[in-house]
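Undergrad: here you go, sequence then predicted model.
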Amino acid sequence: MEPSETPDDLTLIRETLDGNKESFGLLVEKYKNPIYNLCYRIMNNRPDAEDIAQDAFLRAYSKLKDFKVGFKFLNWLYSIAVNSARDALRKKRRTNFIPLDSSPDADQRSAEGLVPNGAMPPDRTLERKKIKELVFRLVAELPAKYRVPLVFKYFEGWACEDISGLLHMPVGTVKIHLHRARAMLYKKFKKMKLSPESGVY
Amino acid sequence: MKCRNLQSLIQKYIDGETTSQQNRFIEAHLRSCPSCRLELSFWKEFEIYAKEEKVLPPSNFTQNILQKLEKVQAQEKYKEPIFLPALSLGWALILVAAIITSISLSASLIMKPRASVVTVRFKVSAPEASSVSVAGDFNDWDTCTHRLTREAGYWKTSIRLKPGRYHYMFIIDGEEWIPDPEANEYVDNGYGSINAVLDLKGT
């Protein structure tokens, strides 16, 4: 599943630097899925995810000669994508616009039934899908500084040490941010679950 | 209150980072505490949610990128890079020298017009610094986003900016703010020091 570092990457990078755009196309093709998925999780909507992912690849192209042999190319792309996303989020914050993929009635979505305590809800699959959407939306509402490590930890399965290297922050800070992210997320979730609109009461 | 203290332990428990002694303690607590059980199952579910759903890019993703590359390069071909030497302002240098005596600085901007965006290269000499970053209007004065890297005796970075006027400063070791000693222009920032100003004209 995870594309691995092979001598191929270096060959493709060399060919790209020699002016062969087809080779760069192959690199994009190879890594577009993880990069796009990451961008989607940070931006939480498709148009932005596409912009950021594209921007990341274009930035990678223009500074390809700075790529250091011995690094994982995917990780290098990740760090470029994260910077791209951070820039975009800052701009968005300034315009005070929070894009969400969710439909207008998202707030009314029920969060009950996540945990099988007692009877199974009648339509478990539908219920599960709703909860998943709610949880993803709550993730998207977290401040970016807490969301980014959370995304890497849970969506990408990274260890704190690797996140620390990518985000240029001490492992301790990553752990603190993760801890806050989880505390906030679970608090929001509990609140949604108990809010009058959720239909639990 | 007991549960609050347990929270971070429960996370470690999920991540498999707890000792077997801690595990026995946590498991005993879980048996008697429904709210912690709920939280545990939330995080277990969350891990599954996060892993199972991968969002895929549109099918023309790669093609779009290659097209954009073609476009950018076609534009670049017809534009010769212009080298604009930074004007050094004697009085500013003296002022800076008075503020900072331990660090010798020299910076320059090389501007390469490229469609509507200009690549600006920031360069500064600060041999004793262990980190240098640049903050300004273009990054909301965030000191963490644009770090300079040490290269052949200088700290350097390139930033792509839209034409416009930007105030900016260099930050040495995360705490000492200094204006670019070779900026073309300076203004009083109202906080008792001066900002360097970068005026990028469109092409």
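TA: The structure has been received and is ready for your questions.
Undergrad: spatially central, which residue of the chain would that be?
TA: Just going to use chain A. Nearest to the geometric centre of chain A sits A:R41, at 3.0 Å (CA atoms, centre = their mean).
Undergrad: that was the other one, I meant chain B.
TA: Centre-nearest of chain B using CA atoms, centre = their mean is B:T145, 1.1 Å out.
Undergrad: which SS class is that one?
TA: coil (DSSP: H, G, I helix; E, B strand; the rest coil).
Undergrad: need the pLDDT of it.
TA: B:T145 is assigned a pLDDT of 85 by the prediction.
Undergrad: do B:M169 as well
TA: 88.
Undergrad: which parts of the one helix or strand it maps to are buried?
TA: B:M169 is part of strand B:164-172, with elements assigned from DSSP states H and E. Applying a neighbour-count criterion of 16 or more other CB atoms under 10 Å in any protein chain shown, one finds B:Y166, B:H167, B:Y168, B:M169, B:F170, B:I171, B:I172 buried in strand B:164-172. Just so you know, the C-beta spots here come from the backbone N, C-alpha and C atoms, and that holds for glycine as well.
Undergrad: and the helix or strand that that strand is followed by, what does it pack onto?
TA: Along the chain past strand B:164-172, the next helix or strand (assigned with DSSP H and E) turns out to be strand B:176-178. The helices and strands touching strand B:176-178, judged by 3 or more CB pairs under 8 Å, 6 or more residues apart in numbering or on different chains; DSSP states H and E, are strand B:164-172.
Undergrad: who does the strand it packs on pair up with?
TA: strand B:132-136 (antiparallel), strand B:176-178 (antiparallel), strand B:194-200 (antiparallel) (DSSP bridges).
Undergrad: run the chain-centre distance for the longest one.
TA: Relative to its parent chain, strand B:194-200 has a centroid offset of 19 Å by CA atoms, centre = their mean, to the nearest Å.
Undergrad: what pLDDT, on average, does that strand get?
TA: 82.
Undergrad: where does the prediction get shaky in chain B?
TA: Residue ranges of chain B with pLDDT under 70: B:1-2, B:4-5, B:7-8, B:75-115, B:189-193, B:202-203.
Undergrad: which helix in it runs the most residues?
TA: Criterion DSSP state H: the longest helix present in chain B is helix B:34-52.
Undergrad: domain assignment for chain A?
TA: A:1-96, A:108-201 (automatic domain parsing).
Undergrad: for chain B, what lies in contact range of chain A?
TA: B:7-8, B:11, B:34, B:38-39, B:41-43, B:45-47, B:49-51, B:53-58, B:61-62, B:64-66, B:68-70, B:72, B:139-140, B:142, B:144-145, B:147 (CB under 8 Å from any CB of the partner chain).
Undergrad: filter those down to the buried ones.
TA: Buried, going by 16+ other CB under 10 Å: B:11, B:39, B:42-43, B:45-47, B:49-50, B:57, B:61-62, B:65-66, B:69, B:72, B:139, B:145, out of these.
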